[in-house]
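Enquirer: fold the following.
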Amino acid sequence: MSQAGSLGGGGSSSSLTFTTDSGVATPAASNVNVLGGTGITTSAVGDTITIDSTVTPVPTGATGTVLQGAGIGVTPVYSTATYPSTATGTGTLLRADGTNWTVTTSTYPATNAVNTLLYASATNVMSALATGNNGVLITSALGVPSILAAGTTGQVLTATTGSPPTWAPPATSGTVTSVTGTANQVAVANGTTTPVISLVGPYTPSTYTAHGVLIGEGTSSIAALAAGSAGQVLQSGGAAADPAYSTATYPSTAGTSGKVLISNGTNIVSSTPTYPNASPAAGKIIIGDGTNFIASTPTYPNASPAAGKVLIGDGTNFVASTPTYPNASASTGKILISDGTNFISSTPTYPNAASTALKHIKSDGTNFVTTTVTYPDASVTAGKVIVSDGTNYIASTPTFPNASATSGKIIKSDGTNWVASTETYAAPGTSGNILTSDGTNWTSAESVGNPYFIQTLAGNPADATTYFLQQSLSTITNTASGNANTRYYITRAGTIKKVYGVVTCTVGSSNATTIALRLNNTTDTNVTTSLNLSASPATFNNTALSITVAAGDYIEFKLICPTWNPTNPTNVQISMTALVQ
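Expert: Residues are numbered from 1 along each chain as shown. Below is the predicted model of the structure:
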């Protein structure tokens, strides 16, 4: 036979005898007929017979070993490892212990669904864990595994202390425990690649200020700002400076509708009043209503008027004023005053601070100043007037009329109050007049004054000669001034206003003759320069004189003669009166 085979002895104490019986299909009892074989030998108890071209016995293996094929045409051999000789509990498996094959203590399911996982559901009991699409393998707080159903898009697997992990939205904050990378880079793991996030500058500090903000410093190390106070905002310092937190704080929540951000002098806060959130009609402005800001009722100009114009009400809206106003501050104390067309800075100044109570403002001749004296600040009894008490102005004790009386009446005392007079008084009249009673009323009349009279005796004056006249002597007695006999002394101060005179003579030619007054032997004033002695008597006067004199002054009366041609007057006698008022 060409195919090798084997027969196990089965451990019996008997033996099989192999004979060669070529061509005999049925061997004799207890014989194995080997067709075409040769070399049959008798095996020992427990041997295994191998048959190929010869029949060869294989020695018995160790307990528990199994006969294993060594390949086609090769004699089989017993295994080195041993195997159990009997079946154990349901579900157990053979397991190598490093030398032999033994039966597991744990049991295993006979069948498993597709994609299921094995796990120990109890001590030495392996069970199949049901799978789930897109799920995640997790364990319970007791270590029992399960498949966590797939989360929604964007969720991350989040650990929970003492409980299984769950799907949850990504955390909005956390702590970076470490970074890796080279200078100016941070390495971030991403699958099988390592992308690099490039920073603006080096990150050399090993720690950063808690709650600070990282700022770039060009090629220098990144810096961390100190944490700001609650409510502060980070403000730019411009292109050449670091940002900094504001000194003022800002609200962290929006205020009530219509509120705006406003400074309270220290921080920025939500305003108390509200402001409109929609544009009003053209020309309206924002104005307070006592509680909130609203759109104004009147409109205001939307274009700048001419220089110096101000806004002024026209009864409905505000318009540009017709007059202009100064656009620069004037000197201290100046006020705005009209020049008839526009408003300008006043020439005088006015006080800029309140004075003591009851003071008034008055002119000092240049500016307006606060009075030294005080004035009443409350209305008094009807008819009272403001009168000085020697220090201040007070309400008078007597009353005064409050209505105009008949023309010419004056205010006079009745012993208690001031009343309109019964009699009338004339207007002043000519300067120097005096009041004169007509028995009922007072009229204006010229004052009597002090007359100074001179009368000379006859004399024959010479041509071109000046004479100073002396009472009761010849007209031609004195030709020099200052003579004691020609002086007429003034007894009270006043004004020489009038001179009247008359000349009698034997007439001569009509040449003009001059009469003059000389004051204190220094100043001459002509009375007339046209006295004509071609007729007699010849009168003269001057009522327009105004020679001021004082008590003790003296005057002289002068006759200034012309050159009469052809006839000189003779027997010239002069009478003249000068009136001092």
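
Enquirer: now do the contacts for Ile215.
Expert: Ile222, Ala223, Ala224, Leu225, Asp242, Pro243 (C-beta atoms under 8 Å, 6 or more residues apart in numbering). Heads up, the C-betas are built off the backbone N, CA and C, glycines and all.

Enquirer: and it, that's in a helix?
Expert: No: with DSSP: H, G, I helix; E, B strand; the rest coil as the criterion, Ile215 is strand rather than part of a helix.

Enquirer: need the pLDDT of it.
Expert: Looking at Ile215, its pLDDT stands at 83.

Enquirer: how much space between it and Ile335?
Expert: 56 Å (C-beta to C-beta, to the nearest Å).

Enquirer: so Val502 belongs to a helix, correct?
Expert: No: counting by three-state DSSP, Val502 is not found in a helix; it is strand.

Enquirer: what's near enough to touch it?
Expert: So Val502 contacts Pro537, Ala538, Thr539, Phe540, Ile574, Ser575, Met576 (C-beta under 8 Å, 6+ apart).

Enquirer: what's the nearest residue to the fourth one if we skip its chain neighbours?
Expert: Read that as Phe540. Thr528 (4.4 Å; C-beta to C-beta, 6 or more residues apart in numbering).

Enquirer: surely the one you found is in contact with Thr539?
Expert: No: taking contacts as C-beta atoms under 8 Å, Thr528 lies outside contact range of Thr539: 9.9 Å.

Enquirer: ok, the two, which is more surrounded?
Expert: More neighbours surround Thr528 than the other of Thr528 and Thr539, with 17 against 12 (other C-beta atoms under 10 Å).

Enquirer: which pLDDT value goes with that one?
Expert: What the model reports for Thr528 is a pLDDT of 98.

Enquirer: off-centre distance for the strand or helix carrying it?
Expert: Assigned by DSSP states H and E, Thr528 belongs to strand 523-532. Distance, stretch centre to chain centre, for strand 523-532: 85 Å (C-alpha atoms, centre = their mean, to the nearest Å).

Enquirer: for that strand, packing partners?
Expert: The contact analysis (3 or more C-beta pairs under 8 Å, 6 or more residues apart in numbering; DSSP states H and E) places strand 523-532 against strand 494-506, strand 512-519, strand 538-542.

Enquirer: in TSV: the ones you listed, plus mean pLDDT and distance to Lys309.
Expert: Conversion of these to TSV gives the following (pLDDT from 0 to 100; distance: least, C-beta to C-beta, whole Å):
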stretch	mean pLDDT	distance to Lys309
strand 494-506	96	58
strand 512-519	98	65
strand 538-542	97	63
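
Enquirer: let me have those strands in JSON lines, adding distance to Asp364 as columns.
Expert: Shown next, in JSON lines, are these (distance: least, C-beta to C-beta, whole Å):
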{"stretch": "strand 494-506", "distance to Asp364": "33"}
{"stretch": "strand 512-519", "distance to Asp364": "39"}
{"stretch": "strand 538-542", "distance to Asp364": "43"}
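
Enquirer: and Phe400, which of the ones you listed is closest to it?
Expert: Nearest to Phe400 among the helices and strands packed on strand 523-532 is strand 494-506; the distance by C-beta to C-beta comes to 34.5 Å.

Enquirer: any idea which helix or strand in this structure has the lowest mean pLDDT?
Expert: Sorted by mean pLDDT, DSSP states H and E, the helices and strands of the chain end with strand 5-8, the least confident at a mean of 44.

Enquirer: buried sites along stretch 558-578?
Expert: 558-562, 564, 568-569, 572-574, 576, 578 (16 or more other C-beta atoms under 10 Å).

Enquirer: adding secondary structure, pLDDT and distance to Gly231, write these out as JSON lines.
Expert: Shown next, in JSON lines, are those (DSSP: H, G, I helix; E, B strand; the rest coil; pLDDT from 0 to 100; distance: C-beta to C-beta, whole Å):
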{"residue": "Lys558", "secondary structure": "strand", "pLDDT": "97", "distance to Gly231": "106"}
{"residue": "Leu559", "secondary structure": "strand", "pLDDT": "98", "distance to Gly231": "111"}
{"residue": "Ile560", "secondary structure": "strand", "pLDDT": "98", "distance to Gly231": "108"}
{"residue": "Cys561", "secondary structure": "coil", "pLDDT": "98", "distance to Gly231": "114"}
{"residue": "Pro562", "secondary structure": "coil", "pLDDT": "97", "distance to Gly231": "112"}
{"residue": "Trp564", "secondary structure": "coil", "pLDDT": "97", "distance to Gly231": "118"}
{"residue": "Asn568", "secondary structure": "coil", "pLDDT": "97", "distance to Gly231": "121"}
{"residue": "Pro569", "secondary structure": "coil", "pLDDT": "98", "distance to Gly231": "120"}
{"residue": "Val572", "secondary structure": "strand", "pLDDT": "97", "distance to Gly231": "118"}
{"residue": "Gln573", "secondary structure": "strand", "pLDDT": "98", "distance to Gly231": "118"}
{"residue": "Ile574", "secondary structure": "strand", "pLDDT": "97", "distance to Gly231": "113"}
{"residue": "Met576", "secondary structure": "strand", "pLDDT": "96", "distance to Gly231": "108"}
{"residue": "Ala578", "secondary structure": "strand", "pLDDT": "96", "distance to Gly231": "101"}
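
Enquirer: so the nearest residue to Thr391 once chain neighbours are set aside versus Tyr350, what's the distance?
Expert: Among residues not flanking Thr391 along the chain, Val373 sits closest, at 6.8 Å (C-beta to C-beta, 6+ apart). Taking C-beta to C-beta as the measure, Val373 falls 18 Å from Tyr350.

Enquirer: Ala512 too?
Expert: Separation of Ala512 from Tyr350 (C-beta to C-beta): 63 Å.

Enquirer: who's more crowded, the two?
Expert: Counted by other C-beta under 10 Å, Ala512 and Tyr350 do not tie: Tyr350 has more neighbours, with 15 against 12.

Enquirer: quick one, what contacts the residue nearest to Phe540?
Expert: Contacts of Thr528 (C-beta under 8 Å, 6+ apart): Thr514, Ile515, Phe540, Asn541, Asn542.

Enquirer: the nearest residue to the last one once chain neighbours are set aside: what's it in contact with?
Expert: So that's Asn542. Leaving aside its chain neighbours, Asn542 sits nearest to Val527 (4.7 Å; criterion: C-beta to C-beta, 6+ apart). Going by C-beta under 8 Å, 6+ apart, Val527 touches Val499, Gly501, Ile515, Ala516, Leu517, Phe540, Asn541, Asn542, Leu545.

Enquirer: swap in Thr466?
Expert: Per C-beta under 8 Å, 6+ apart, neighbours of Thr466: Thr479, Lys558, Leu559, Ile560, Cys561.

Enquirer: tell me the one of the residues you listed nearest Leu261?
Expert: Lys558 (99.1 Å).

Enquirer: quick revisit: which members of the contacts of Val527 are the farthest-apart pair?
Expert: Ala516 and Asn541, at 13.8 Å, using C-beta to C-beta across the contacts of Val527.

Enquirer: of the contacts of Val527, grab the buried ones for PyMOL.
Expert: To isolate the buried members of the contacts of Val527 in PyMOL, using 16+ other C-beta under 10 Å:
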select buried, resi 499+501+515+516+517+540+542+545
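
Enquirer: want to try CSV for the contacts of Val527, with distance to Thr107 as columns?
Expert: Shown next, in CSV, are those (distance: C-beta to C-beta, whole Å):
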residue, distance to Thr107
Val499, 170
Gly501, 176
Ile515, 174
Ala516, 171
Leu517, 168
Phe540, 175
Asn541, 171
Asn542, 167
Leu545, 163
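
Enquirer: so which of the contacts of Val527 is the closest to Thr416?
Expert: Closest to Thr416, out of all of the contacts of Val527 and judged by C-beta to C-beta, is Leu545, at 47.2 Å.

Enquirer: look up how far Ser163 lies from that closest one.
Expert: 133 Å.

Enquirer: quick one on the thing from earlier: which SS class is the residue nearest to Thr391?
Expert: strand.
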